[in-house]
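Sequence plus predicted model, see below.
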Amino acid sequence: MKYVTTVDDKEFEIEIVDDHHIRIGERLLTVDFETVGGQPVFSLILNGKSYESFVYQGDEDWEVLLRGRQFQVKIEDEREKRLKAAAGGGVSEGGEFHLKAPMPGLVVSVLVEEGQSVEKGQVMLILESMKMQNELKAPRDGVIGRVRVKAGESVEQKQAMLSLH
């Protein structure tokens with residue numbers, strides 16, 4: 001099965017060859033991807049290198065936290081993507097975006113304030129979880145709406161921390 005995967009506005013064609021192999025473009029990779037203890041924590045072994053990631057479904061896309069960086073990932077199968085393109089469907093950059101905690105943790109710092117303009121990729125908040133500090137970035141340009149957390153506050157997974165208009 002082939003999928004078109006968009007990671008932070010970059011598209012990749014990914015083919016699942018079998019249970020332990022995927023093809024990204026022309027590269028064939030050996031993978032092992034397992035959940036750890038029923039949590040949204042996954043062990044990924046990619047060509048012999050081990051990675052730990054947090055993966056959870058957001059409102060529209062998947063949120064992936066890998067090596068201290070958060071990525072928004074959209075996955076569509078090839079057929080679905082072609083049908084949307086034929087129908088003229090596009091990605092909306094408008095509307096309100098709610099930054100939700102990808103996992104339980106401690107807010108280390110909030111680097112934005114209500115009414116502040118931010119650019120795509122700008123760090124808005126630093127969240128510490130499992131002794132790792134994770135920079136949570138703006139998925140697009142916008143203006144900060146309501147900030148619901150402050151430094152030193154504990155948050156639960158999927159708790160709304162701030163909004164972006």
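Arrived safely, thanks for sending. Numbering: from 1, shown residues only.

how is this protein carved up into domains?
In terms of domains, the chain is parsed into 2-86, 97-164 (source: automatic domain parsing).

Let's have those in TSV, adding mean pLDDT.
Formatted as TSV, the entries for the domains of the chain read as follows, by pLDDT from 0 to 100:
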stretch	mean pLDDT
domain 2-86	83
domain 97-164	90
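
Can I get those domains in a markdown table including mean neighbour count?
Quick note: C-beta positions are derived from backbone N, CA and C, even for glycine. Written out in a markdown table, the entries for the domains of the chain read as follows (neighbours: other CB atoms under 10 Å):
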| stretch | mean neighbour count |
| --- | --- |
| domain 2-86 | 13 |
| domain 97-164 | 16 |
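
which residues are contacting stretch 61-72?
Applying CB atoms under 8 Å, 6 or more residues apart in numbering, the set of residues contacting stretch 61-72 from outside is 7-8, 51, 53-58, 73-75, 100, 102-103, 132-137, 139.

And stretch 15-28, by the same measure?
Counting by CB under 8 Å, 6+ apart, residues outside stretch 15-28 touching it are M1, K2, Y3, F12, E13, I14, L29, T30, V31, D32.

Between the residues you listed, which sits nearest V118?
Each of these was scored against V118 by CB to CB, and F12 proved nearest at 26.0 Å.

Can you show me the helices along this protein?
Secondary structure of the chain (DSSP state H): helices located at 78-86.

Quickly list what I22 is bridged to.
In this structure, I22 has the following beta-bridge partners (DSSP bridges): I16, L29.

Start and end of stretch 125-134, how far apart?
Using CA to CA, to the nearest Å, the span of stretch 125-134 from its first residue to its last is 8 Å.

hang on, the earlier thing: in strands, which of the contacts of stretch 15-28 fall?
Secondary structure assignment by DSSP state E places K2, Y3, F12, E13, I14, L29, T30, V31, D32 of the contacts of stretch 15-28 in strands.

residues in contact with stretch 99-113?
Looking at stretch 99-113 with CB under 8 Å, 6+ apart, the contacting residues turn out to be 40-41, 54, 56, 58, 63, 65, 70, 118, 122-130, 133-134, 136, 144, 147, 149-164.

separation between E153 and Q122?
Between E153 and Q122 the computed distance is 21 Å (CB to CB, to the nearest Å).

again but with G25, I slipped
Note on G25: its distance to Q122, by CB to CB, is 30 Å.

go on, Q57?
Using CB to CB, which is the criterion applied here, Q57 is 24 Å from Q122.

likewise H20?
If you measure H20 against Q122 using CB to CB, the figure is 38 Å.
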